[in-house]
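Colleague: coords please:
(one chain, ligands or ions: 1)
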Amino acid sequence: MTPEDVTKAVDAISKRTDVRPTVGVILGSGLGPLAEDVVDPIAVDYADIPGFPTLTVAGHAGRLLLGTIAGVSVALMQGRKHYYEKGDARAMNLPLATLKALGCETLLLSNASGALAQNLGPGDIAVIGDHINYVGVSPLIGEDYFDDKFVDMAEAYDPALRAILIQAAEKLGFALPEAVYTYFAGPQFETPAEIRAVAALGGDLVGMSTVPEAIFARALGMRAAALSVVTNKAAGMSETALSHAQTQENAKLGTDRMRRLVHAFLEALPG
Ligand code: HPA
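Modeller: Sure, this is the predicted structure:
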């Protein structure tokens, strides 16, 4: 990816709207309906933005929505590219660099996950405090956009943004536990033995997204936060077989709180 690639994508978006977003949001399972909350939305299909991905996963739309929520200018990515689709950890690099170039200094990521933590079950929401990159891949491998790829990951999930989210949830009347998200490539779900390994390593959640994006956001110097809606107990921890249909169905259990939380978060963001 070159700076020119990013400029082309930015131009394709800017010529369609005057909105200059300051917060980028990646809508994962459970947060899709947030799209309905955008005031005066302009939708740009990924197909009309050079370098944006073609999506293949059911339930992910493939559009960028620009407008405002709670008075904050936002850019919502309706749908993301996952590593498991083509084995490409760099698939989201250009969209993220484009959001940054458009003016998004803040990035809110979201996903669905399976929970190991006792206090988390279907429909619960957690804020990601840290992650374990169990896959080991990085969006920075083979990426020549940066001179310095040796990115500090100590505070990949911005402590100030996490605090705002936790406070906002408290005001709304629900707990928002911090969790360690463990990244698996997928698309198959984990085995019970893998989940026991994650428990020993200190993971609270497992999922198949977000980590490459958090790494790349860090490399771009964006402030990132991530919310996870739990759709199931992790493999081997319940009687129910895991499926994508279950993920999509149970993500809905957290949607209402996710929406209210994102509103409260945007309202509370310092100017
Ligand atoms: N594992 C991985 N990804 C997931 C899960 C899970 O149990 N649930 C939702 N996304």
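Colleague: for the rest of this, base every contact and every neighbour count on C-alpha atoms.
Modeller: Noted.
Colleague: Ala75 sits in which helix or strand?
Modeller: strand 72-78 (DSSP states H and E).
Colleague: what's in contact with that strand?
Modeller: Around strand 72-78, the neighbours that count as contacts under Cα atoms under 8 Å, 6 or more residues apart in numbering are 19-28, 32, 35, 60-68, 99, 104, 266-267.
Colleague: tell me which helix or strand comes right after it.
Modeller: helix 83-86.
Colleague: quick check: residues of the stretch 51-200 of the chain near the ligand?
Modeller: Ala112, Ser113, Gly114, Phe189 (Cα under 6 Å from any ligand atom).
Colleague: let's see that with 5 Å instead.
Modeller: Ala112, Ser113, Gly114 (Cα under 5 Å from any ligand atom).
Colleague: residues near the closest residue to the first one other than its chain neighbours, how many?
Modeller: Meaning Ala112. Leaving aside its chain neighbours, Ala112 sits nearest to Val229 (4.8 Å; criterion: Cα to Cα, 6 or more residues apart in numbering). A count of nearby residues for Val229, using other Cα atoms under 10 Å, gives 33.
Colleague: ok, now Ala101?
Modeller: That count, for Ala101 with other Cα under 10 Å as the rule, works out to 18.
Colleague: repeat that for Ala268.
Modeller: 15.
Colleague: so what's it closest to, chain neighbours aside?
Modeller: Closest to Ala268 by Cα to Cα, 6+ apart is Ile164, at 6.9 Å.
Colleague: double-check the one you found against Leu266; I have them as touching.
Modeller: No: counting by Cα atoms under 8 Å, Ile164 does not reach Leu266; the two are 9.3 Å apart.
Colleague: who's more crowded, those two?
Modeller: Leu266 (21 against 18).
Colleague: my guess is the more buried one contacts Ile69. True?
Modeller: Yes: using Cα under 8 Å, Leu266 makes contact with Ile69 at a distance of 7.4 Å.
Colleague: quick revisit: quick one: buried ones out of the residues of the stretch 51-200 of the chain next to the ligand?
Modeller: Ala112, Ser113, Gly114 (16 or more other Cα atoms under 10 Å).
Colleague: confirm that the first one sits in a strand.
Modeller: Yes: counting by DSSP: H, G, I helix; E, B strand; the rest coil, Ala112 is part of a strand.
Colleague: ok, it to Gly142 distance?
Modeller: Distance of Ala112 to Gly142, computed by Cα to Cα, to the nearest Å: 28 Å.
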